[in-house]
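[1] model this:
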Amino acid sequence: MTTNSSSSSSAPDGASRIRAIVVGADGQVGAAVRRGLEDRGAEVVTSTRSGGDAPWDLRDPAVPRRLGSVSADLVVLAGGITTVDACERDPSTSRTVNVDAAAAAAQHWGRLGARVVAFSSSQVFDGSLPAPLPTSPVSPRSEYARQKVELERGLLGSGLRATVVRMTKVVGPSWPRLAEWREALSHGRSVRAHGDLGFSPVPEDGVTAAVVAAFESGFDGIVHLSARDEMRYADFARIVAATVGADPSLVEVTSAAGGPHARLHSTLGTGGQIAGLWSNALTALDVVAGILV
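    So this is what the prediction gives:
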């Protein structure tokens, strides 16, 4: 762990010279980013609620002294309460974690010259329009989405070096839904999946690529990560069934209509803010196939 040292101002040779802090390094996205940065030769300091190199329980939004003494070129804010239902049940705590702690981190390391990358969600849009751009007006419907909008506005209005990465559903071999469905279907148990709700998957390694691209480009603003199109959850469940040799009739098709997750469209459009970023280059089937092999 690097402490009390001045941070380099740039990394012309790429991620191998990045000194990074990953907050929330034990979650799906945080763990993927940590692995991806380390694979690129970066020095990574991890922080989780109760562990890592320097713990931080985000329910207390003040940056802990031990973690705050770490200098970095890049700070990735991957921690948070990420489910719609949990934010609806406890809006106060989830706002502290998702908004206040992120703002504290951005102010702390941002004023020291680090680039701060925070993750937002396609749910800042209500899903009524296909492929909204980073410049499209937001239309949050849930407490979770409203918190993400507040986070975005706070970071981008701070004058700091900040990139917000809005993402659709991030998937990988460790995706909990995939693991649960594989387990159930392989043992002949049924699973329930929405037939009227789609997702536009983002591969885990694509998230790291976007983080590195944001750092190297010095882009301040919002970046979208999304597959080119979307896939219905019920169709994905049937594909999972096929991969484990299960009867596709074990997939019970349900409806999201009237619930907090209902939306017509899930795909995000890209405005090309960072040249060469892969977003919209892969189809949903491309991404799904990549995690099922």
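[2] now the helices for the stretch 101-250 of the chain?
    101-110, 143-156, 176-186, 204-217, 233-243 (DSSP state H, counting those that start in this stretch).
[3] would you turn these into a markdown table with distance to Val116, mean pLDDT and mean neighbour count?
    Glycine gets a C-beta too; all of them are placed from N, C-alpha and C. What follows is the helices of the stretch 101-250 of the chain, written out as a markdown table (distance: least, Cβ to Cβ, whole Å; pLDDT from 0 to 100; neighbours: other Cβ atoms under 10 Å):
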| stretch | distance to Val116 | mean pLDDT | mean neighbour count |
| --- | --- | --- | --- |
| helix 101-110 | 5 | 96 | 21 |
| helix 143-156 | 7 | 96 | 21 |
| helix 176-186 | 27 | 95 | 16 |
| helix 204-217 | 10 | 94 | 22 |
| helix 233-243 | 33 | 97 | 20 |
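[4] Please read off the pLDDT at the residue lying closest to Ala262 once chain neighbours are set aside from the model.
    Distances taken as Cβ to Cβ, 6 or more residues apart in numbering put Ala256 closest to Ala262, at 4.4 Å, once the chain neighbours are dropped. Per-residue pLDDT puts Ala256 at 92.
[5] try the one 5 residues further on
    Turning to His261, the model gives it a pLDDT of 77.
[6] For it, list the residues it contacts.
    84, 194, 197 (Cβ atoms under 8 Å, 6 or more residues apart in numbering).
[7] Output those as CSV; include the columns neighbour count.
    Below are the contacts of His261 laid out as CSV (neighbours: other Cβ atoms under 10 Å):
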residue, neighbour count
Val84, 18
His194, 19
Leu197, 21
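[8] what's across from the nearest residue to Glu230 once chain neighbours are set aside in the sheet?
    In space, and not counting its chain neighbours, Glu230 is closest to Gly198: 3.7 Å by Cβ to Cβ, 6+ apart. Using DSSP bridges, the bridge partners assigned to Gly198 are Arg232.
[9] Test my guess that Ala246 contacts Ser190.
    No. Here Ala246 lies out of contact with Ser190, judged by Cβ atoms under 8 Å, at a distance of 9.6 Å.
[10] With neighbour numbers in mind, choose between those two.
    Ala246 (23 against 15; other Cβ atoms under 10 Å).
[11] quick revisit: export the helices of the stretch 101-250 of the chain to CSV and tack on distance to Thr168?
    Formatted as CSV, the helices of the stretch 101-250 of the chain follow (distance: least, Cβ to Cβ, whole Å):
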stretch, distance to Thr168
helix 101-110, 20
helix 143-156, 13
helix 176-186, 14
helix 204-217, 11
helix 233-243, 13
